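*Asks:* after the sequence you'll find the predicted model.
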Amino acid sequence: MTFIEMLQAAWQKNDSLLCVGLDPDPMKFPTHLQGRPEAIFEFCRAIVDATADLVCAFKPQIAYFAANCAEDQLQALIAHIHDHHPGIPVIVDAKRGDIGSTAEQYAIEVFERYCGDAITANPYMGRDSVEPYLAYRNKGVFLLCRTSNPGGSDLQFLDVGGQKLYEHVAGIVARDWNMNGQCGLVVGATYPGEIARVRRIIGEMPLLVPGIGAQGGDVEATLKAGRTACGTGLIVNNSRAILYAGKGEDFAQAARQAAMTSRALINRFR
Ligand SMILES: O=c1ccn([C@@H]2O[C@H](COP(=O)(O)O)[C@@H](O)[C@H]2O)c(=O)[nH]1
């Protein structure tokens with residue numbers, strides 16, 4: 001099954017465009033988990049098991065695992081998701097970008113070591129830097145387009161021949177890089193106006209949309225700007241507002257409640 005097929009099935013099965021982001025920060029863990037050798041895995045596994053029927057994807061952010069020397073726990077977590085919640089795609093948020101020979105190693109890391117179903121990548125070094133990911137034809141590749149942070153416009157708003165750089169990225173990915181129908185774009189929920197412009201450029205390609213929850217993005221405006229005619233097309237990520245909804249031993253139950261609220265809000269505007 002390709003990433004896109006998995007995503008479409010998960011959108012339908014769980015009636016959800018919600019992606020739970022896995023950004024484990026041990027400083028924010030409930031006290032009963034702190035100091036445990038596998039705390040990152042145990043925390044994320046509890047979140048995953050509590051929310052898997054509510055999501056269309058999980059998105060582990062690789063920096064949180066690498067910063068804590070916990071890459072083995074990321075590997076175990078993704079194996080757990082595939083074994084216990086088959087059909088829910090895992091998007092490894094790595095934002096990689098490098099020359100082709102190095103990108104080949106990044107692709108092996110994400111797709112063969114971690115067994116991720118999709119990766120986020122930086123398009124700035126051009127097509128040959130992305131081709132090693134595209135060579136895995138059944139995997140998804142999400143290119144950064146209009147990121148959710150305020151400073152994103154420093155470069156993404158530069159005029160390149162009468163259009164903004166992020167619009168150029170959207171066009172080139174949709175037209176030239178998406179030969180196998182495996183590409184998507186990252187567009188922040190903090191900028192719904194740009195989501196609408198990107199949607200007009202790319203047609204039905206999926207958009208990974210971080211920025212609701214802790215970053216304050218507008219869910220209604222995001223959905224109206226980015227949903228496709230059939231009410232899908234979006235993977236709406238929410239990390240901290242779900243992960244840290246509770247602080248006690250019942251943190252996973254609190255995360256489930258937060259995920260249910262988030263999914264319902266998203267579905268109201270589909
Ligand atoms: O433009 C971008 C691209 C990626 N991210 C990532 O998404 C999550 C957002 O976390 P929240 O806690 O829901 O704010 C995080 O992993 C970022 O690295 C993004 O925010 N914006």
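*Replies:* Here it is on my side, so go on. Computed from a predicted structure; not experimentally measured.
*Asks:* so who does the nearest residue to Phe269 once chain neighbours are set aside touch?
*Replies:* Nearest non-adjacent residue to Phe269, counting by C-beta to C-beta, 6 or more residues apart in numbering: Leu223, 3.7 Å away. Any C-beta I mention is one placed from the backbone N, CA and C, and that applies to glycine too. When contacts are counted by C-beta atoms under 8 Å, 6 or more residues apart in numbering, Leu223 is found next to Leu234, Val236, Ile266, Phe269, Arg270.
*Asks:* quick check: residues of the stretch 51-200 of the chain near the ligand?
*Replies:* Gln61, Asp93, Thr147, Ser148, Val186, Gly188 (C-beta under 6 Å from any ligand atom).
*Asks:* swap the cut-off to 5 Å and go again
*Replies:* Contacts of the stretch 51-200 of the chain with the ligand, taken as C-beta under 5 Å from any ligand atom, map to Gln61, Thr147, Ser148, Gly188.
*Asks:* in helices, which of the residues you listed fall?
*Replies:* Nothing among these maps onto helices, per DSSP state H.
*Asks:* looking at these, which is nearest Gly35?
*Replies:* The closest of those to Gly35 turns out to be Gln61 (C-beta to C-beta; 22.3 Å).
*Asks:* surely that closest one and Val20 touch.
*Replies:* No. Contact status for Gln61 versus Val20: not in contact, 11.5 Å apart, counting by C-beta atoms under 8 Å.
*Asks:* list phi and psi for the residue nearest to the spatial centre of the chain.
*Replies:* Residue closest to the average C-alpha location in the chain (C-alpha atoms, centre = their mean): Lys59, at 4.6 Å. Dihedral angles of Lys59 (phi, psi; degrees, to the nearest 10) stand at phi -130, psi 90.
*Asks:* returning to that earlier point: what is in contact with Gln61 and Val20 at once?
*Replies:* Here Gln61 and Val20 have Ser239 as joint contacts, going by C-beta under 8 Å, 6+ apart.
*Asks:* separation between whatever residue of the stretch 51-200 of the chain ends up closest to the ligand and Gly217?
*Replies:* For the stretch 51-200 of the chain and the ligand, the shortest gap (C-beta to the nearest ligand atom) falls at Thr147, measuring 3.2 Å. For Thr147, the distance to Gly217 equals 12 Å [C-beta to C-beta, to the nearest Å].
*Asks:* Ala252 too?
*Replies:* 24 Å.
*Asks:* Val169 now?
*Replies:* Val169 is 20 Å from Gly217, by C-beta to C-beta.
*Asks:* just Leu144 next, same as before
*Replies:* In terms of C-beta to C-beta, Leu144 sits 16 Å off from Gly217.
*Asks:* rewinding a little: which neighbours do Thr147 and Gly217 share?
*Replies:* Gly188.
*Asks:* name the SS class of the residue lying closest to Thr228 once chain neighbours are set aside, please.
*Replies:* Excluding the flanking residues, the one nearest Thr228 by C-beta to C-beta, 6+ apart is Glu204, at 5.3 Å. Three-state call for Glu204 (DSSP: H, G, I helix; E, B strand; the rest coil): coil.
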